[in-house]
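Visitor: Model the structure of this input:
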Amino acid sequence: MARYVAVPLKFTAGVRQSRLGIVDDIRRAVQGARRAHPGLARSQLAEITLKRRGKELLVTLYFTG
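Guide: Numbers count the residues shown, from 1 in each chain. Alright, predicted model coming up:
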């Protein structure tokens, strides 16, 4: 059975600086999670869940490996 590490994030609605919008925000969050948690450096991003709650977007990154 695969072992997953979940990293929860929260984004608020607003003007995105990148033309890729939330995709670029998630990419930066993955990089930040790997810097903050060196154990994730060799892990692969296996899944992303998105859930809207009002003006917030709840994102959970699931790493495996």
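Visitor: Now Ser43: phi and psi?
Guide: phi -80, psi 160 (degrees, to the nearest 10).
Visitor: and it, what does it touch?
Guide: 5, 63-65 (CB atoms under 8 Å, 6 or more residues apart in numbering). To be clear about C-beta, it is placed using only N, CA and C from the backbone, and glycine gets the same treatment.
Visitor: If any of these are buried, put those into a PyMOL selection.
Guide: What follows is the PyMOL syntax for the buried subset of these, where burial is set by 16 or more other CB atoms under 10 Å:
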select buried, resi 63
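Visitor: Just the ones in strands from the contacts of Ser43, please.
Guide: 5, 63-64 (DSSP state E).
Visitor: Which of the residues you listed sits closest to Arg27?
Guide: Nearest to Arg27 among the ones in strands among the contacts of Ser43, counting by CB to CB, is Phe63 at 14.2 Å.
Visitor: show me the contacts for the closest one.
Guide: Applying CB under 8 Å, 6+ apart, the residues contacting Phe63 are 4-5, 7, 33, 40, 43-46.
Visitor: now with 10 Å?
Guide: The neighbours of Phe63, taking CB atoms under 10 Å, 6 or more residues apart in numbering as the test, are 3-7, 30, 33-34, 37, 39-40, 42-47.
Visitor: Just the buried residues from those residues, in ChimeraX please.
Guide: For the buried members of these, the matching ChimeraX selection, counting by 16+ other CB under 10 Å, is:
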select :7,30,33,34,40,43,45
